[in-house]
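> build me a model:
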Amino acid sequence: PPLFFFKQKTAFDIASCLVGSDMFIRDSEKKRDPVSGQVPLRLIFDRRPRNAVEAPLRDLCATLAQGCVLCDLVLAENEQARLWLSDLPNYYYTFVVSPERMKTNAWGAPIPRAEAMQHAQAWDALASRGEAAGEWFYRAANTMAMGDTNAVEFGQGAHIGMLRGIGGMQPGEAIEASTAGPRGCVWQGVVVDDHAIIAKVTTAEGYEGPSHERARGLWSAAHRAYDAAGLSPVPEKCLTDVAAGRVWGAWLDGEAGNVGVPRTRRAELAIVVSELLDAFVRPADAAEREAAARLVADVGALKDAHD
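Residues are numbered from 1 along each chain as shown. Model (predicted):
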């Protein structure tokens, strides 16, 4: 059978919230509604039957950026990298799909006509299509679905198309996973809902080069396009003209010129390793035991500092 890989937190939520063939995933605690106290649910559809008969589109997957491409970023002695980053929330749910595709996103048991009519907007749309006859109805999402084999393709294509429409994602600037880093001084990339701009800028005091100006222009134009489309990047996830940050799973330090695994991730792995060593490798003497204790303390302090 096909294998599905989820983040650790998501996998835990799936195990505790699985309902029939549809998966209701609790969102981050940070998104808890301040009034009701409820945490929103994300619905992941089991679309394996539909995916099996639908041609997979993969033309735009090559345009997905990856953090490892940042290793190709080379800085001169008088340069540093500056970063701009945004994340569009609930991205798939901002798309409206056709009624035909909506019917492939049905979930749950059928509901009676009286209950269906209580959903006024959906019922009006159903009646306008001449589909309001009958006594039983299924609920269905009229958005793209998490679990749709082609959702990444559609989402990636729409985001890139929007940015190209405002003069972004140009040859020599666009990051793609299948190629080396761009040749220009401004790099721009998209991973479905994540958008990043990286610019090589001079460190000379009082001087702002064309790459800095270009990056700021791309950032402003992108946000105007988001506003026009009714999209609002998550404020707490936005980075604007900063020297360091997490980009597509990698940590970029633009001042030091380093790219690597985020230190929080390294700390978590180091803690596990140190605990295994402490449990199964017994130091032979007091000096080795003291060194092992220092390792555990140092790694714990590193994790606490970056949580």
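> I'd guessed Ser211 sits against Lys200; true?
Yes: judged on Cβ atoms under 8 Å, Ser211 makes contact with Lys200 at a distance of 5.8 Å. Glycine gets a C-beta too; all of them are placed from N, C-alpha and C.
> overlap in contacts, those two.
Common contact partners of Ser211 and Lys200 (Cβ atoms under 8 Å, 6 or more residues apart in numbering): Cys185, Val186.
> just the buried residues of the host helix or strand of Ala267, please?
Ala267 is part of helix 263-280 when elements are defined by DSSP states H and E. Buried residues in helix 263-280, counted by 16 or more other Cβ atoms under 10 Å: Arg266, Ala267, Glu268, Ala270, Ile271, Ser274.
> with stretch 78-87 instead?
Here stretch 78-87 shows Glu79, Gln80, Ala81, Arg82, Leu83, Trp84, Leu85, Ser86, Asp87 as buried, counting by 16+ other Cβ under 10 Å.
> then stretch 145-158?
Quick answer for stretch 145-158 (16+ other Cβ under 10 Å): 145-158.
> dump the residue contacts of Ala174.
Contacts of Ala174 (Cβ under 8 Å, 6+ apart): Thr63, Pro182, Trp187, Gln188, Gly189.
> shouldn't the last one be within a strand?
Yes: secondary structure assignment (DSSP: H, G, I helix; E, B strand; the rest coil) places Gly189 inside a strand.
> list the contacts for it?
Gly189 touches Ala65, Val69, Ala174, Ile175, Glu176, His195, Ala196, Trp248, counting by Cβ under 8 Å, 6+ apart.
> which residue packs closest to the last one, ignoring adjacent ones?
In other words, Trp248. Gly67 (4.1 Å; Cβ to Cβ, 6 or more residues apart in numbering).
> what is the neighbour count of that neighbour?
Other residues lying near Gly67 total 22 when counted by other Cβ atoms under 10 Å.
> that one and Val247 touch, don't they?
Yes: with contact taken as Cβ under 8 Å, Gly67 and Val247 are classed as touching, separated by 5.7 Å.
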